[in-house]
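Participant: predicted model and sequence below, questions to follow.
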Amino acid sequence: MDAPYVAVARTEAIPPGTFVKVLIENRPYIVANADGHYYAVEDNCSHEDYPLSFGCIDGDRIKCSLHGSRFDLGSGEPLEEPAEDPIATYRLEVEDGQIWIDPSSPANRARPRD
């Protein structure tokens, strides 16, 4: 896989219903396996500056453990209050069991917080 994609994990390292936190150039991302579908999102709740990696996967959603907001892993859209803004999602490819993400820009045009 060519740049800007970055190898982040092997599929067998992320069983269904789990995720891993990865750092690319000191920026945290979550790579999640929701029932065999892989997603990459920023590791930051849009409601508060709080890591989503402290939360859990619920189907095709990720739940923030601070206030309970849930976000769609595919679109980044908030599905429950108090969050109102989406989280950034990133393009992801799986090739020969290797998961690659493109951290160059959000796929959903949401801006990750600095």
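Facilitator: Great, that's in hand. Just so it is clear, the model here is predicted, and its values are computed rather than measured. Numbering: from 1, shown residues only.

Participant: could you use CA atoms for every contact and neighbour count after this?
Facilitator: Will do.

Participant: what are the contacting residues of the worst-scoring helix or strand of the chain on mean pLDDT?
Facilitator: Lowest mean confidence among the helices and strands of the chain (mean pLDDT, DSSP states H and E): strand 56-58, at a mean of 94. Applying CA atoms under 8 Å, 6 or more residues apart in numbering, the external contacts of strand 56-58 come out as 17-19, 32, 34, 62-65.

Participant: now with 10 Å?
Facilitator: With CA atoms under 10 Å, 6 or more residues apart in numbering as the test, strand 56-58 has contacts from 16-19, 32-34, 62-65, 70-73.

Participant: could you pull out the strands for the chain?
Facilitator: Using DSSP state E, the strands of the chain run over 6-10, 18-24, 27-34, 37-42, 56-58, 61-63, 70-72, 89-95, 98-102.

Participant: can you list these in TSV and add distance to Tyr50 and mean neighbour count?
Facilitator: Below are the strands of the chain laid out as TSV (distance: least, CA to CA, whole Å; neighbours: other CA atoms under 10 Å):
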stretch	distance to Tyr50	mean neighbour count
strand 6-10	22	17
strand 18-24	14	16
strand 27-34	12	22
strand 37-42	11	24
strand 56-58	13	18
strand 61-63	12	25
strand 70-72	13	25
strand 89-95	16	19
strand 98-102	22	20
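
Participant: mind putting the ones you listed into CSV with distance to Glu48?
Facilitator: Shown next, in CSV, are the strands of the chain (distance: least, CA to CA, whole Å):
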stretch, distance to Glu48
strand 6-10, 26
strand 18-24, 18
strand 27-34, 16
strand 37-42, 13
strand 56-58, 16
strand 61-63, 13
strand 70-72, 13
strand 89-95, 17
strand 98-102, 25
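
Participant: of all those, which one is nearest Ala83?
Facilitator: Smallest distance to Ala83 across the strands of the chain (CA to CA): 8.0 Å, for strand 70-72.

Participant: chain center to that closest one, what's the gap?
Facilitator: 10 Å (CA atoms, centre = their mean, to the nearest Å).

Participant: tell me the average confidence for it?
Facilitator: Regarding strand 70-72, the rounded mean pLDDT is 97.

Participant: which other residues reach that strand?
Facilitator: Against strand 70-72 from outside (CA under 10 Å, 6+ apart): 39, 41, 45-46, 52, 55-64, 76-87, 89.
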